[in-house]
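In: no sequence on this one, just coordinates:
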């Protein structure tokens, strides 16, 4: 780490021979489950010693009860097949129910026995002839939901960069990568929530909707935090049955609103993943950027959906900022606590007749953007600010 290594992947060091004898007298057989936890902890603590408290991270595969204390985690070597992708998704949901807060899978899967042969001159070519590149459609479908996990990783035997899978793969992976970067403020808030409460970033529906008897049987969808419903496409035809829990759900792509609880059957083109935003939510978004060092979250956008009161904690990214959206006498309003930040507030589906701002902010302006009301202002860190909207008569 003194040479500049940021983190270590604790892969292929978790195993121990069954006949090994430990200092406590136990054998490798009796320590089989516990040893991966001890191994990951040792690497994590060494990293923490070098980088400081709260700054260490590992990339771990195997584990045991307590492994959530040493993030991050991933699925291990999944098959590059439609069944392998579905199995990886179920693995992630099971890990979430076991307390693992940060999880992902190898986008595209790790190895395949069907598909295109690995080109000569690339990693994995000729090493093991049975391994082949995954099908481009499978690769794209995996990337769509893999880029909506807590962290994302393209990895496998053979190339996993999108340009090896054609121009369409490049275009679609680029679009979903940009979506991920816009979601960084949301993911960052979820990461803080996970470290404070243990609630995972990727959530089975049964965890987010514990009283819904149908949610307990949904194993191929997940909530990304409390606000986004992600529905991976697990077949080459682009078909799937989506379950929407109780409430209103906004289609991310076209803004259409659907009422739950209900099932809907959808067929989506290759460049679309069924993705829904929960009504009554506040979704923080950053600007489009190419990488995390490209600039600040300026402005930091808050998308407010629905009439119900909603509370969220946003990070800027260093400052903790409570935000509340509600209505007073049917007038939508948004209150942001003390922060030094430029904000854009988007009231989705609210076509206001007027808007105003009170409190510690300057440079207020507002406009209509289609069916939405959008306001921008800068807070100076001297107190809270509240935006109030006037609706047209009737």
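Out: Okay, I see it. Everything quoted here is computed from the prediction, not taken from an experiment.

In: give the contact list for residue 96.
Out: 103, 200, 202, 203, 204, 207, 222 (Cβ atoms under 8 Å, 6 or more residues apart in numbering). C-beta here means a position set from N, CA and C on the backbone, and glycine is covered the same way.

In: what's the neighbour count on the second one?
Out: When neighbours are counted by other Cβ atoms under 10 Å, residue 200 registers 27.

In: rewinding a little: including distance to residue 309, secondary structure and pLDDT, could the contacts of residue 96 go into JSON lines?
Out: Output for the contacts of residue 96, formatted as JSON lines (distance: Cβ to Cβ, whole Å; DSSP: H, G, I helix; E, B strand; the rest coil; pLDDT from 0 to 100):
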{"residue": "103", "distance to residue 309": "31", "secondary structure": "strand", "pLDDT": "95"}
{"residue": "200", "distance to residue 309": "25", "secondary structure": "coil", "pLDDT": "97"}
{"residue": "202", "distance to residue 309": "26", "secondary structure": "strand", "pLDDT": "97"}
{"residue": "203", "distance to residue 309": "22", "secondary structure": "strand", "pLDDT": "97"}
{"residue": "204", "distance to residue 309": "26", "secondary structure": "coil", "pLDDT": "98"}
{"residue": "207", "distance to residue 309": "23", "secondary structure": "helix", "pLDDT": "97"}
{"residue": "222", "distance to residue 309": "25", "secondary structure": "strand", "pLDDT": "98"}
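
In: from the residues you listed, which is closest to residue 158?
Out: Nearest to residue 158 out of the contacts of residue 96 is residue 103 (Cβ to Cβ; 23.6 Å).

In: list the beta-bridge partners for that closest one.
Out: residue 73 (DSSP bridges).

In: hmm, residue 204 and it touching each other?
Out: No. Counting by Cβ atoms under 8 Å, residue 103 does not reach residue 204; the two are 11.5 Å apart.

In: closest one of the contacts of residue 96 to residue 281?
Out: Of the contacts of residue 96, the one sitting nearest to residue 281 (Cβ to Cβ) turns out to be residue 203, at 13.9 Å.

In: about what we covered before: okay, residue 103 and residue 204: which has more neighbours?
Out: Neighbours were counted for residue 103 and for residue 204 using other Cβ under 10 Å; residue 103 has more, 25 against 22.

In: next secondary structure after the lengthiest strand in the chain?
Out: Counting by DSSP state E, the longest strand found in the chain is strand 239-251. Toward the C-terminus, strand 239-251 is succeeded by strand 257-267 as the next helix or strand (DSSP states H and E).

In: tell me where the protein has helices.
Out: 34-51, 82-97, 136-146, 167-182, 184-197, 205-208 (DSSP state H).

In: and those, which is most packed in?
Out: Per residue and on average, the most neighbours among the helices of the chain fall to helix 136-146, with a mean of 25 (mean count of other Cβ atoms under 10 Å).

In: so which elements touch that helix?
Out: helix 82-97, strand 106-107, helix 167-182 (3 or more Cβ pairs under 8 Å, 6 or more residues apart in numbering; DSSP states H and E).

In: could I get the pLDDT score of the closest residue to residue 356 other than its chain neighbours?
Out: Once flanking residues are discounted, residue 356 sits nearest to residue 388: 5.5 Å by Cβ to Cβ, 6 or more residues apart in numbering. If you check residue 388, the pLDDT there is 94.

In: let me have the helices and strands packed on helix 136-146 in a markdown table, adding mean pLDDT and distance to residue 27 as columns.
Out: Putting those into a markdown table (pLDDT from 0 to 100; distance: least, Cβ to Cβ, whole Å) gives the following:
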| stretch | mean pLDDT | distance to residue 27 |
| --- | --- | --- |
| helix 82-97 | 96 | 27 |
| strand 106-107 | 96 | 32 |
| helix 167-182 | 97 | 45 |
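
In: what's the closest of those to residue 138?
Out: So among the helices and strands packed on helix 136-146, helix 82-97 is nearest, using Cβ to Cβ, at 6.3 Å.

In: run a quick neighbour tally on the residue nearest to residue 354 when sequence neighbours are not counted.
Out: Distances taken as Cβ to Cβ, 6+ apart place residue 390 nearest to residue 354, at 4.0 Å, with adjacent residues excluded. Residue 390 sits with 14 neighbouring residues when counted by other Cβ under 10 Å.

In: for residue 243, same thing?
Out: 20.

In: in the sheet, who's paired with it?
Out: Going by DSSP bridges, residue 243 forms beta bridges with residue 263.

In: quick check: it touching residue 221?
Out: Yes. With contacts counted by Cβ under 8 Å, residue 243 reaches residue 221, the gap being 6.4 Å.

In: contacts only, for residue 238.
Out: So residue 238 contacts 267, 268, 269, 270 (Cβ under 8 Å, 6+ apart).

In: pLDDT below threshold where in the stretch 101-250 of the chain?
Out: Low-confidence segments of the stretch 101-250 of the chain (pLDDT under 70): 113-131.

In: try it again with 90
Out: 111-133, 157-158 (pLDDT under 90).

In: joint contacts of residue 243 and residue 221?
Out: residue 205.

In: between the helices of the chain, which gets nearest to residue 341?
Out: helix 184-197 (10.5 Å).

In: hmm, who's touching that closest one?
Out: 101-102, 150, 180, 199-201, 224-225, 227-228, 283-286, 292, 297, 300, 312-317, 320.

In: next one: stretch 162-169
Out: 119, 122, 133, 136, 139-140, 143, 154, 170, 173-174, 270-271.
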